[in-house]
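S.K.: need a structure here:
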Amino acid sequence: GRARELGIDLRRLRGSGPAGRILHEDLDDFIAHGAEPVRSGGPVARTGEAEIRVTGIRRAIAERMALAKQRIPHFTIVEEVDVEALEELRAGLNSRFGEARGRLTLLPFLLRALSEAVVDHPEINATFDDEAGVVTRHAALHCGIATQTDAGLMVPVLRHAEALDLWDTAREIRRLSDAARERRASPKELSGSTLTVTSLGPLGAVVTTPIINHPEVAIVGVNKIAVRPVWNGSEFVPRRMMNLSCSFDHRVVDGWGAAEFVAALKRLLELPAMLFMEWRDE
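M.R.: Okay, the predicted model is just below:
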């Protein structure tokens, strides 16, 4: 009776009730979706849209990212790193000292490697005032740690990374990341970085193209570790491998210098004993 009142031909509907019986809900669906009936159990077209205003911290992040892409000509180098020895060392240190000193992730080792690599490549640990045309090279490594929060991407700054040991570095990374996520980070803790590290952790993909944290001239992206077959000269063996995706400001960093810097990082991470050597070449 209701279908007749509405002028609906029941032959055009597929019922969702027992034995294909047409229910009132089927009539409602037909009215809501027009001439094409909704198929019971099949794919359904989704409709609707939501407008979300970009405000506050999210807007500031958007403006900063746009500034970086507009003003900085990026180029990215991706290098494959064998982290088998590093992961064995990390596991050994965590087993021996983890309970007393806290567990180490890969990031403290990477910051240790960065602290060493920028000594021979000071053009990487730098900021560029492009309006004044002045590049400032920094002796101290104030490392930005890109951190995902509910409000968006924040970059708290680990100051004087070169002066911290692995466990101090790990504790400071945890403290800064927690402060950023809980909106407790001070303005000083969110500014003054000279080089930034970004990582998506287990979601780190195979390759990324990170955006430089203006006014810095480089950013180091950490991709996820995966076991891959590696040719050792006579056979393929499983090795834990990780890609580093590093972006550079091509106005002040040339390709050769950037490639040498990434190669230096690779050497330090693949032979991690080098991270603890006190001597340097004269």
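S.K.: so what's Leu111 up against?
M.R.: By C-beta atoms under 8 Å, 6 or more residues apart in numbering, the contact list for Leu111 reads 141, 143, 158, 161, 164, 169, 197. Where C-beta positions appear, they are placed from N, C-alpha and C, glycine not excepted.
S.K.: now, these that are in strands?
M.R.: 143, 158, 197 (DSSP state E).
S.K.: remind me which residues of the stretch 151-282 of the chain are low pLDDT?
M.R.: 278-282 (pLDDT under 70).
S.K.: the strands in the stretch 151-282 of the chain, which residues?
M.R.: Ranges of strands within the stretch 151-282 of the chain are 152-154, 157-158, 195-199, 218-231, 236-249, based on DSSP state E, counting those that start in this stretch.
S.K.: may I see these arranged in TSV, with distance to Ile212 and mean neighbour count as well?
M.R.: Putting the strands of the stretch 151-282 of the chain into TSV (distance: least, C-beta to C-beta, whole Å; neighbours: other C-beta atoms under 10 Å) gives the following:
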stretch	distance to Ile212	mean neighbour count
strand 152-154	13	18
strand 157-158	15	22
strand 195-199	8	23
strand 218-231	5	18
strand 236-249	6	19
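S.K.: for Ala185, find the nearest of these.
M.R.: strand 152-154 (6.9 Å; C-beta to C-beta).
S.K.: which strands and helices sit next to the closest one?
M.R.: Applying 3 or more C-beta pairs under 8 Å, 6 or more residues apart in numbering; DSSP states H and E, we find strand 152-154 packed against helix 56-71.
S.K.: ok, 10 Å please
M.R.: helix 56-71, strand 147-149, helix 166-181 (3 or more C-beta pairs under 10 Å, 6 or more residues apart in numbering; DSSP states H and E).
S.K.: partner strands of that strand and their direction?
M.R.: If you go by DSSP bridges, strand 152-154 pairs up with strand 147-149 (antiparallel).
S.K.: now the ones in strands among the contacts of Leu111 in a markdown table, with distance to Thr47?
M.R.: A markdown table is the format used below for the ones in strands among the contacts of Leu111 (distance: C-beta to C-beta, whole Å):
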| residue | distance to Thr47 |
| --- | --- |
| Cys143 | 46 |
| Leu158 | 47 |
| Val197 | 42 |
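S.K.: Ser16: which of the residues you listed is nearest?
M.R.: Using C-beta to C-beta, Val197 comes nearest to Ser16 of these, at 53.9 Å.
S.K.: tell me the mean pLDDT over the longest helix along the chain?
M.R.: For the chain, the helix that runs over the most residues, judged by DSSP state H, is helix 84-101. Averaged across helix 84-101, pLDDT comes to 96.
S.K.: check what contacts it and list those residues.
M.R.: Outside helix 84-101, the residues that touch it by C-beta atoms under 10 Å, 6 or more residues apart in numbering are 83, 102-106, 108-110, 113, 165-168, 170-171, 225, 227, 230, 237-242, 268-273, 275-276.
S.K.: which of those count as buried?
M.R.: For these, a burial check counting by 16 or more other C-beta atoms under 10 Å picks out 83, 104, 106, 108-110, 113, 166-167, 170, 225, 239-242, 268-269, 272, 275.
S.K.: returning to that earlier point: okay if I get the strands of the stretch 151-282 of the chain as TSV plus distance to Ile31?
M.R.: Listed next are the strands of the stretch 151-282 of the chain as TSV, based on distance: least, C-beta to C-beta, whole Å:
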stretch	distance to Ile31
strand 152-154	41
strand 157-158	58
strand 195-199	51
strand 218-231	49
strand 236-249	52
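S.K.: cool, thanks, talk later.
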